[in-house]
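In: predicted coordinates and the sequence they were generated for:
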Amino acid sequence: MGSKFVGIANHVWEKVCEKVKRAVVFMDCGCADSLHWVGGISKLLQAGAINVKEFSSFEAGLPGQTKAVFVVSTLLKGRTADIIRDIVTLSSFQYCVVITAVSHNAHLFANNVTAELEQDLVFEQFGELLCQWMGNMNYTGEVMHLPILMAPIVPHLFITPAYSSFFSFVPQDLKLINNTRPDKKKFGSLNDVDYHSLPFQLQTQIRSFVSSLNSVFELLQLKEECFAVGPTSRIIAGELANYSQAKQRRKHGQFKASIVFVDRTLDLSGSVAHHGDSLVEKILNTLPKFPGLASDVKVNMVDLTAVQNNEETENMIAPGCLSQPNDPSSKALWESMLNMKHKEAVMEVRRHLVEAASKENLPIKMSLGRVTPEQLNTYVQLFKTNLKVLENHCGLLQLTMATAQTLRHTCYSKWDNFLAFERLLLQTLDDSDVPCVLTQLLSIIKPHGERDALDYNLEEILVLLVYIYSVVGELKMDETMDKAECAVKKALVQSLCDEPNLSQILQQMTGCSSASELTSNIATDVVEQVFETLRGIARARAHMKQFKTLYSPGGNTHQAMFQPLVKQILEEIFRPDRPDTVDIEYMSGGLTELLKTGFSMFMKVSRPHPSDHPLLILFLVGGVTISEVRVIKDLVSTYKPGCQVIVLSTRLLTPLDVTQLIFANDRLHPDIGV
């Protein structure tokens, strides 16, 4: 089934390619990120596109270019409509095609139209607007929807780039939701919040997402049952289960499946932890983000040229990346890197490089033993003198250089420090309490002027705090705890005020574009908000019965161990005795399910279970790590090798992504461009 999901992702872009012949293509970041993993810009150019440009008001067609195709992941109103108008009025187009990833049904919802319409009224009206902007109503304006949703990382892992900033609720959000409600109608917990109680922007985003997911499932001919773990997942699963078009689709669906939505907030420790022995995770965590993409990195390719490698020349040469969908050999290596442990993956990179050099008769000197970045770099240099060889193995060289640059990066040497702290934390939790852990953390919080390369910066301290509060669970708030927190807060405020330059995350958190704007009062307020959020994170699993804890205490024979939530969920799903899944809530039940519940009081009635069907889709709302994907793959092969499991998520996560999504992201009012 994984190959069918990949096929659908490719099929959607083939439909786009049918429209781009002799056209200038304008594309936003959400769609560009999706295209990046299924073939990249070359797919459009091979289909006859004249040029591919950024979706921006500062772009336009050249004189003589008469056709444009706009590919967007957003609603055709507000900022998106303004940008299309700006580009069209600055150009001399006579034929415009607009392809949106948002369905017509979601457009109706965003325009407060509740009636089901036969024709695509909103799209027809936008087509007329296109003709007005082109300056002639006899020109052609065409508007259509395609479900540009999924990007295939590997055949069993897919992300939804257009929703990369979508994150599950943090308990702190309950306060914000209740602020707009009268006293008698305030919610007691996030579990009580329903879809219609959410801000309109978030309702629209969820409706757009559910509608796109339904379109994909329609192409796959799926007949799914929906399950949820967590309050955000319950709302999404409920919307998918009750979406009228999805109900109609399921009547004719051929392939039965279970989809389990899981809130990322329930296990933030797993998303910031460093105990995953994965090379790809270290690459994603170490190298800078590829411009405009949420889940790929920028690989410095200067060493393959005659240009001297320094800060000034770094951006002169186009960067490499991890995605290699057009090269079967590199694609196979990428999949191996993702599935293997760190040491095995590094050796696999070297093996592929040696084989490629031998195939091209390059004078390579074999070396056994430990793989070093210097050794990989030496091998890479052999390819740079022959342009044909360079072209033949460009994908392999990008993956190799990503590996070498990660292994010699200063951040890479911090990885083991993080890992040691996390292990120490688990043992400390086993022996004592959180105040003791915070006291240990206090000793490593240093002002900017006192740090060296191996010391933790402020963002990394936030990562450790997220790990602590998420893994601990419900806190015992007393005088000792208050005192320990106050000491850490004071150190963080001082450190924040001492920062000479604010990183992007710190700018977003403080609302200050430079350190000169930051005052002690602002820093104090920000740190207070951080700890309010952290305490909420610690309460996130308070309502759960089965999945309340994320670690197993140590004993005489073994140390305390971290237990990822995805591992616990899958072990529960694959249990041979199939007990009722208390914390995995069934969301597809209507009247039939109520009747079953009533009958079960008198007779044995089997309730729907996530393991009922041969296909299990696990959707992590808020992102997934490579280590978690490996855990899932290993568990499936151990417990139920016959079952197909597809992992879907909003993005690939790094620890710094998590701090941004928790502390500097308006989850309740997403930017939908309206």
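Out: Yes, it's here. Numbering: from 1, shown residues only.
In: kindly export stretch 516-529 (C-alpha atoms) in CSV.
Out: Extracted in CSV, the C-alpha atoms of stretch 516-529 (Å, rounded to 0.1, in the frame of the first residue of the first chain):
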residue,chain,number,x,y,z
SER,A,516,18.6,46.4,21.9
GLU,A,517,14.8,46.3,22.0
LEU,A,518,14.7,43.6,24.7
THR,A,519,14.1,44.9,28.3
SER,A,520,14.3,43.0,31.6
ASN,A,521,10.5,43.2,31.9
ILE,A,522,9.9,41.7,28.5
ALA,A,523,12.5,38.9,29.3
THR,A,524,10.8,38.2,32.6
ASP,A,525,7.3,38.0,31.0
VAL,A,526,8.6,35.7,28.3
VAL,A,527,10.2,33.3,30.8
GLU,A,528,7.0,33.3,32.9
GLN,A,529,5.0,32.3,29.8
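In: name the residues of it that are buried.
Out: Residues of stretch 516-529 classed as buried under the neighbour-count rule (16 or more other C-beta atoms under 10 Å) are 518, 522-524, 526-527. In this view, the C-beta of every residue, glycine as well, is placed from N, C-alpha and C.
In: which outside residues touch that stretch?
Out: Surrounding stretch 516-529, the residues in contact under the criterion C-beta atoms under 8 Å, 6 or more residues apart in numbering are 489, 492-493, 496-497, 499, 502, 509-512, 663.
In: list only buried entries from those residues.
Out: Judged by neighbour count, with buriedness set by 16+ other C-beta under 10 Å, the buried members of the contacts of stretch 516-529 are 489, 492-493, 496-497, 499, 502, 509-510, 512, 663.
In: start and end of stretch 74-93, how far apart?
Out: Criterion C-alpha to C-alpha, to the nearest Å; first-to-last residue distance in stretch 74-93 is 22 Å.
In: so after the helix-or-strand element of the chain with minimal mean pLDDT, what's the next helix or strand?
Out: Within the chain, confidence by mean pLDDT, DSSP states H and E is lowest for helix 591-599 among all helices and strands, at a mean of 50. Remark: after helix 591-599, the chain's next helix or strand is strand 615-621, criterion DSSP states H and E.
In: who are the packing partners of that following strand?
Out: Using 3 or more C-beta pairs under 8 Å, 6 or more residues apart in numbering; DSSP states H and E, the elements in contact with strand 615-621 are helix 231-242, strand 255-263, helix 565-573, strand 644-649.
In: for residue 221, find the nearest of the ones you listed.
Out: Residue 221 lies closest, by C-beta to C-beta, to one member of the helices and strands packed on strand 615-621: strand 255-263, at 5.7 Å.
In: adjacent strands (with direction) for that closest one?
Out: Paired neighbours of strand 255-263 in the sheet (DSSP bridges): strand 222-229 (parallel), strand 615-621 (parallel).
In: of the buried ones among the contacts of stretch 516-529, which is the nearest to residue 441?
Out: Each of these was checked against residue 441 using C-beta to C-beta; the closest is residue 492, at 10.1 Å.
In: mind listing what that closest one touches?
Out: Residues counted as contacts of residue 492 (C-beta under 8 Å, 6+ apart) are 445, 458, 461, 527, 530.
In: still on that earlier bit, of the strands paired with strand 255-263, which is nearest residue 434?
Out: Nearest to residue 434 among these is strand 222-229 (25.1 Å), distances taken as C-beta to C-beta.
In: quick one: distance of that closest one to the chain centre.
Out: In terms of C-alpha atoms, centre = their mean, to the nearest Å, the gap separating the centre of strand 222-229 from the centre of its chain is 20 Å.
In: any idea of the mean pLDDT in that strand?
Out: Throughout strand 222-229, pLDDT has a mean value of 95.
In: then stretch 561-577?
Out: Per-region confidence: stretch 561-577 scores 91 on mean pLDDT.
In: then stretch 479-492?
Out: Here the mean pLDDT over stretch 479-492 is 92, rounded to a whole number.
In: how about stretch 81-94?
Out: Mean pLDDT, stretch 81-94: 97.
In: next, give phi and psi for the spatially closest residue to residue 114 that is not a sequence neighbour.
Out: The spatially closest residue to residue 114, leaving aside those adjacent along the chain, is residue 108, at 7.7 Å (C-beta to C-beta, 6 or more residues apart in numbering). The phi and psi torsions at residue 108 (degrees, to the nearest 10) take the values phi -60, psi -40.
In: is it true that residue 108 touches residue 122?
Out: Yes: between residue 108 and residue 122 there is a contact at 6.5 Å, judged by C-beta atoms under 8 Å.
In: I'd like the distance from stretch 609-624 to the chain centre, please.
Out: Averaging C-alpha coordinates over stretch 609-624 and over its chain gives two centres that are 16 Å apart (C-alpha atoms, centre = their mean).
In: assumed residue 98 was part of a helix.
Out: No: per DSSP: H, G, I helix; E, B strand; the rest coil, residue 98 lies outside any helix segment and is strand.
In: what is the neighbour count of it?
Out: 26 (other C-beta atoms under 10 Å).
In: that one pairs with what?
Out: Per DSSP bridges, residues listed as beta-bridge partners of residue 98: residue 70, residue 143.
In: measure it to residue 141 for me?
Out: Using C-beta to C-beta, to the nearest Å, one gets 8 Å for the distance from residue 98 to residue 141.
In: overlap of the contact sets of these two?
Out: Both residue 98 and residue 141 are in contact with 126-127, 130, where contact means C-beta under 8 Å, 6+ apart.
In: for the residues you listed, which one is nearest residue 22?
Out: Among the shared contacts of residue 98 and residue 141, residue 130 lies closest to residue 22 (C-beta to C-beta), at 17.6 Å.
In: would the closest one count as being in a strand?
Out: No: assessed by three-state DSSP, residue 130 does not belong to a strand; its assignment is helix.
In: distance of it from residue 454?
Out: When C-beta to C-beta is applied, the distance between residue 130 and residue 454 equals 56 Å.
In: neighbour-wise, which of those two wins?
Out: Each of residue 130 and residue 454 has its neighbours counted (other C-beta under 10 Å); residue 130 has more, 23 against 10.
In: what sits against that one?
Out: With C-beta under 8 Å, 6+ apart, residue 130 has these contacts: 84, 88, 96, 98, 139, 141-143.
In: the residues you listed, buried ones only, as a ChimeraX selection?
Out: Under the burial definition 16+ other C-beta under 10 Å, those of those that qualify are selected in ChimeraX by:
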select :84,88,96,98,139,141,143
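In: about what we covered before: the strands paired with strand 255-263 into a markdown table, with extra columns for mean neighbour count?
Out: A markdown table is the format used below for those (neighbours: other C-beta atoms under 10 Å):
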| stretch | mean neighbour count |
| --- | --- |
| strand 222-229 | 25 |
| strand 615-621 | 25 |
